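Peer 1: what's the 3D shape of this:
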Amino acid sequence: MGDRSRNWLPVKHLLRRSAATCARACAVAGAVFVGAIALSPKPAEAAIVERVVAVVGERPILLSELRQRARPHIVRIALSTQNPSQQAAAESEMFRELLTRLIDERLEEQAADKAHLTVTPEEVDNGIRQVAAQARMDPKQLVAEAKRQGLTEQDYRDEIRRQVLEGKLIQLRVRGRVRVTEQDARSTYNSFVKEMGQQSSVDLRILVLSIPPGASQQTAAARVALAEELSRRGNAGEDFCQLVLQYSDDPSTKDSCGSRGPMALSMLLPELQEVAKHQKPGETSAPIVFRDPSGQQAALVVQTVSGGEQGKPPAYEQVQEQMMERAYVEATERQRKLWLQELRRGVYIDVRL
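Peer 2: Just a heads-up that it's a prediction; the model follows:
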């Protein structure tokens, strides 16, 4: 649950994987219509505000649920591309994949009910603390970041609850099927080496100056002016780590000079990719004024530590344990998918998206 996101602020895992009580009658009806009375003399028009996008057994998945779960993904898509047609295509694909995930969750919930598995509030709290520790944040910061991504605190707790429940099901139904050998670990290592050869990695230090929501033009200009000053000081040789420690509004990277460590160039925002491609190690960028779809703004000052490098892979003997663990994770995921396919064969599923 500790992968990196495209956002410049930490999103530790917000959505690694993405229960209604409506009876069969709701599923058969297929949609709910609400009439709206216009203030003008035009006749009122009916608007579709809800419909069923899938049925699993006798339980529907509603469009509103799908849209609610999609909110953080829509934010990330908007951040990754400014092309309307590409954004629309990415959102369409995302909705299809997310609906598949929701169907799997319905199947897992049914399996959990049969096995009498539950998740307590204390287990959810522990899960949040683990995610926060991996992201080097405290739980309150993690929840605040989830809200910035479009989730409520309850949305985020529900996501953690689903992951904890899935973990219990994997332990009960899937782990016993997993067998990993030395050959599997070596095959995983070969794939790892190939990945390293295909992706350049960069290490950037990012100083974040947030611009308060609803800030006046004067306030925003003052933050950008401060960013320009810090950029000049960084290029003049001043210790960038000290500048981050003193000025940055990103608490999760204050103690690491603003860096999250080397990462693939493709994982960065387009603006940061441009910096990484053209800026030499040790150089500090001019301010990058950034706004996300929620309206949050910040001025970023970026110093390059290293860029455009293809790291030399370690010898297998040095990472044997990690490769064995990675092979185990991959094998577990394969067996989880096979188990879900088995569950699907015994349940009526109707996709209507």
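Peer 1: pLDDT wise, what is the closest residue to residue 352 other than its chain neighbours at?
Peer 2: Among residues not flanking residue 352 along the chain, residue 53 sits closest, at 5.4 Å (Cβ to Cβ, 6 or more residues apart in numbering). Heads up, the C-betas are built off the backbone N, CA and C, glycines and all. Note for residue 53: predicted pLDDT of 95.
Peer 1: swap in residue 69?
Peer 2: 92.
Peer 1: ok, it - how many residues close by?
Peer 2: Neighbour count of residue 69, defined by other Cβ atoms under 10 Å: 22.
Peer 1: What of residue 56?
Peer 2: For residue 56, using other Cβ under 10 Å, the count is 24.
Peer 1: Which residue ranges of the stretch 51-200 of the chain form strands?
Peer 2: 59-62 (DSSP state E, counting those that start in this stretch).
Peer 1: which regions of it sit below the pLDDT cut-off?
Peer 2: For the stretch 51-200 of the chain, applying pLDDT under 70 flags the ranges 197-199.
Peer 1: in it, which spans are helices?
Peer 2: 63-80, 84-115, 121-134, 139-148, 153-169, 182-198 (DSSP state H, counting those that start in this stretch).
Peer 1: Mind listing what's buried along stretch 276-284?
Peer 2: If you call a residue buried by 16 or more other Cβ atoms under 10 Å, then stretch 276-284 has these buried ones: 276, 279, 284.
Peer 1: wait, isn't residue 300 in contact with residue 287?
Peer 2: Yes - counting by Cβ atoms under 8 Å, residue 300 does reach residue 287; the two are 6.9 Å apart.
Peer 1: Can you work out which residues contact both of those two?
Peer 2: Residues touching both residue 300 and residue 287 (Cβ atoms under 8 Å, 6 or more residues apart in numbering) are residue 227.
Peer 1: which ones are touching the residue nearest to residue 352?
Peer 2: Residue 53 neighbours (Cβ under 8 Å, 6+ apart): 61-63, 66, 99, 351-353.
Peer 1: quick one: which of the buried residues of stretch 276-284 is nearest to residue 321?
Peer 2: residue 276 (31.1 Å; Cβ to Cβ).
Peer 1: quick one on the thing from earlier: state the pair within the contacts of residue 53 that is farthest apart.
Peer 2: Counting by Cβ to Cβ, the most remote pair of these is 62 and 351, 13.4 Å apart.
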